[in-house]
Structure formats: structure tokens, C-alpha cells
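Enquirer: 3D, please:
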Amino acid sequence: MERVMGLDLGSRTLGIAVSDPLGMIARPLETVRFADDDYETACRRAVELAGQLGAGRFVLGLPKHMNGDVGIRGEISLQFKAMLEEKSGLPVVLQDERLTTAAAQRILISADVSRKKRKAVIDQMAAVQILQSYLDQQH
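Expert: Got it, this is the predicted structure:
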């Protein structure tokens, strides 16, 4: 199996996680910081990393409201998905990301990570949650 990259898109950050070559375990990779709504920069970096790591697909978190509706952030993710597919030529799978940031926050707090360090890695950990959810569904 090929590596899979997990993405958690925000308005100024892109959390990135990557799977092991067997596609079983997700690990944090990096957080891309960019100017407000500069999704081109985020997309370029994700495509670059996918090439370096030999990733065969992306899993992008799709933010939904608790009732399942897709709001403005979800619409932005759908546009990012189209941009990513066009620039990378790789498939992009959407994964429901409801509560992933909260889950990532709980994990970091339980690991006694300081508030400052949590802020630096929360997006990567949310990407790990998104990707691990997807990987678990595949096995």
C-alpha cells in the first residue's frame, strides 16, 4: 500500500499527517502557516510533501455542523479539495472532521503538553485524528 496524507485545513494553518507505508498508522508531520485565506501556499506545500514522501492520496477533513450540514468552512474545504486534485493529480478523500480538534486537544492535555506546545502542534494532531479515522475504516 502507499502512504496517505491527512490534512486539517484552517484559515491560516494546514495541519499535515502522514501514514506509514502500510497505511495503518498516522503520525504528525508539520503545520503549514500561511496568510489569511492564502490556500495556494498551503496547497503547494501539501503537493510538495506528497511528492517527497510518495503519497498516493490525500484525506482532507470536511468540517460539518453537528447536524451534518456543510457550512462556510466546509465549502472552503471543498474548493481546496478541487485545487489539490488539480495541482497534484492525486485523489482527495473527504473525511468528517467533527470533534477531531477537541479529541486532539484532550490527547495533548492528557500527555501533559504545555499550552504553548499544544498551540504549535494542535493542527498536526487534528490531521492525525482525521487520517487515523480514515485508515481504521479501510482495515
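Enquirer: where does V18 fall, secondary structure wise?
Expert: Element membership of V18 [criterion: DSSP states H and E] is strand 13-19.
Enquirer: what does D37 give?
Expert: Counting by DSSP H and E, no helix or strand carries D37.
Enquirer: hmm, it is touching S11, no?
Expert: Yes - D37 lies in contact with S11 (C-beta atoms under 8 Å); the separation is 6.2 Å. (Glycine included, C-beta is placed from N, CA and C.)
Enquirer: follow-up on the earlier one: can you pull the buried residues of the very next helix or strand once past the strand holding V18?
Expert: Downstream of strand 13-19, the next assigned helix or strand under DSSP H and E is strand 26-33. Across strand 26-33, burial judged by 16 or more other C-beta atoms under 10 Å covers A26, P28, L29, E30, T31, V32.
Enquirer: what pairs with the second one across the strands?
Expert: Listed beta-bridge partners, P28: A17 (assigned using DSSP bridges).
Enquirer: what about it, distance to A127?
Expert: 7 Å (C-beta to C-beta, to the nearest Å).
Enquirer: now the helices for the chain?
Expert: Ranges of helices in the chain, per DSSP state H, are 39-53, 72-88, 100-110, 115-138.
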